[in-house]
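Enquirer: My questions concern the predicted model and sequence given below.
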Amino acid sequence: MKSILLMFVLSLSVFAQSNEVKNYIKTLELEVLKVEPTFKGFDIKRGEEIFTSKHIGKKGKEISCVSCHTNDLSKKGENFFTGKVIEPLSPKANSERLSSVKSVKKWLRRNFKDVYNREGTAKEKGDVLTYINTK
Amino acid sequence: MRALIFIFVLFSTGLFADDYGYSYSKGVAPVSNELYKNECASCHFAYQPGLLPERSWIKLMSNLEDHFDTDASLEPEDNKKILRYLIDNSADKFTNYKRSRKINQSIRSYDTPIAVSQTPYFKKEHREIRKDLITQKEVKSLSNCMACHTTADKGIYSERYINIPNYGRWDD
């Protein structure tokens, strides 16, 4: 009985956390609508392009998100520069992903700078999160 | 009996320098902070705070936006907490650990290296390693401690636990 109760509480917290990220994506949408009133919503295809396209990153080398996370988000990746193993990015394969807004914001900020050498716009962030969510 | 227990305690706490590499006083104090592990070791090896002196950690943590050409910025409160941990356990405070002492002693007082691999002691210890063994894909660079030092995460860098990929054990 205790374990069932525990599982229930745990699943509740997971649910609550993903809601937190859902709300964050909603605020990104509102931000986009301010500058683009005809905005139709975040797009998986645009997100995929953001994730897979190569750019001259912060280190001056051509790099993409795929360079570290690989093309298969359900699998482990490896930091392109340090070789450190990266746990899967797909929320389906790794329940910790897209569960905390603090963590999502931190990695979007860092990784956009690493790959694009600038911060991402609200639209780009929403698109890429939507893409990751389907993987 | 009491004396026996006392000796046992002495051995188990590693006060006697031993030949088996289990004694932490030979290496560097292992990492003991979860926030540090979570935030820093998601991208690279969790370098023990005892591998650099206090002034190095202060300099490094003040510019995480440009951390070895990567953005590693943190929320200010997390940065503060991690810096406190690094300072409290830095090489100039843990001189009872052999590696901390040697690294710290090797750095000139007017230098503030922000990479362990820039310290004179580290350079001296790694100077004989062939370049291709370092740049090979299993290692990538000298910053990747665990690639060869199989017990680096325990703070043990003894020669007997070195295993260089595609080369094997290292004997001076």
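Expert: Here it is on my side, so go on.
Enquirer: Can you classify residue 60 by secondary structure?
Expert: In the absence of a named chain, chain A is used. coil (DSSP: H, G, I helix; E, B strand; the rest coil).
Enquirer: wrong one, I was asking about chain B
Expert: Applying three-state DSSP: B:L60 is helix.
Enquirer: tell me which element the nearest residue to it once chain neighbours are set aside falls in.
Expert: Closest residue to B:L60 apart from its sequence neighbours, by C-beta to C-beta, 6 or more residues apart in numbering or on different chains: B:I114 at 4.3 Å. For every residue, glycine as well, the C-beta is placed using N, CA and C. B:I114 belongs to no helix or strand when elements are defined using DSSP states H and E.
Enquirer: And A:D114, by the same measure?
Expert: Using DSSP H and E, A:D114 falls in helix A:101-116.
Enquirer: After that helix, which helix or strand is next? Please name it.
Expert: Toward the C-terminus, helix A:101-116 is succeeded by helix A:122-134 as the next helix or strand (DSSP H and E).
Enquirer: ok and that following helix relative to helix A:101-116, angle-wise?
Expert: 110 degrees (axes from the mean of the first three to the mean of the last three C-alpha atoms, to 10 degrees).
Enquirer: in helix A:122-134, what's buried?
Expert: A:A122, A:K123, A:E124, A:K125, A:G126, A:D127, A:V128, A:L129, A:T130, A:Y131, A:I132, A:N133 (16 or more other C-beta atoms under 10 Å in any protein chain shown).
Enquirer: residues touching whichever residue of chain A sits closest to chain B, list them.
Expert: Closest residue of chain A to chain B, C-beta to the nearest C-beta: A:K113 (3.9 Å). Applying C-beta atoms under 8 Å, 6 or more residues apart in numbering or on different chains, we find A:K113 in contact with A:K58, A:E119, B:E65, B:D71.
Enquirer: Include distance to chain B and pLDDT when you put the buried residues of helix A:122-134 into CSV, please.
Expert: CSV is the format used below for the buried residues of helix A:122-134 (distance: C-beta to the nearest C-beta, whole Å; pLDDT from 0 to 100):
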residue, distance to chain B, pLDDT
A:A122, 18, 98
A:K123, 20, 98
A:E124, 16, 98
A:K125, 15, 98
A:G126, 20, 98
A:D127, 20, 98
A:V128, 16, 98
A:L129, 18, 97
A:T130, 23, 97
A:Y131, 21, 97
A:I132, 17, 97
A:N133, 20, 95
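Enquirer: Quick check: mean pLDDT of the one helix or strand A:S67 maps to?
Expert: Assigned by DSSP H and E, A:S67 falls within helix A:66-69. Averaged across helix A:66-69, pLDDT comes to 97.
Enquirer: Name the surrounding residues that touch that helix.
Expert: A:F51, A:T52, A:G77, A:E78, A:N79, A:F80, A:I86, A:L89, A:V115.
Enquirer: Using neighbour counts, trim these to the buried set.
Expert: By 16+ other C-beta under 10 Å, these give A:F51, A:G77, A:E78, A:N79, A:F80, A:I86, A:L89, A:V115 as buried.
Enquirer: The first one: what's its closest spatial neighbour, skipping adjacent residues?
Expert: Excluding the flanking residues, the one nearest A:F51 by C-beta to C-beta, 6+ apart is A:C65, at 4.6 Å.
Enquirer: and the closest residue to A:G60 other than its chain neighbours, what does it touch?
Expert: Once flanking residues are discounted, A:G60 sits nearest to B:D69: 7.6 Å by C-beta to C-beta, 6+ apart. B:D69 sits next to A:K58, A:K59, A:G60 when contact means C-beta under 8 Å, 6+ apart.
Enquirer: which residues of chain B fall in helices?
Expert: Secondary structure of chain B (DSSP state H): helices located at B:2-12, B:34-40, B:54-61, B:76-88, B:98-106, B:120-126, B:131-135.
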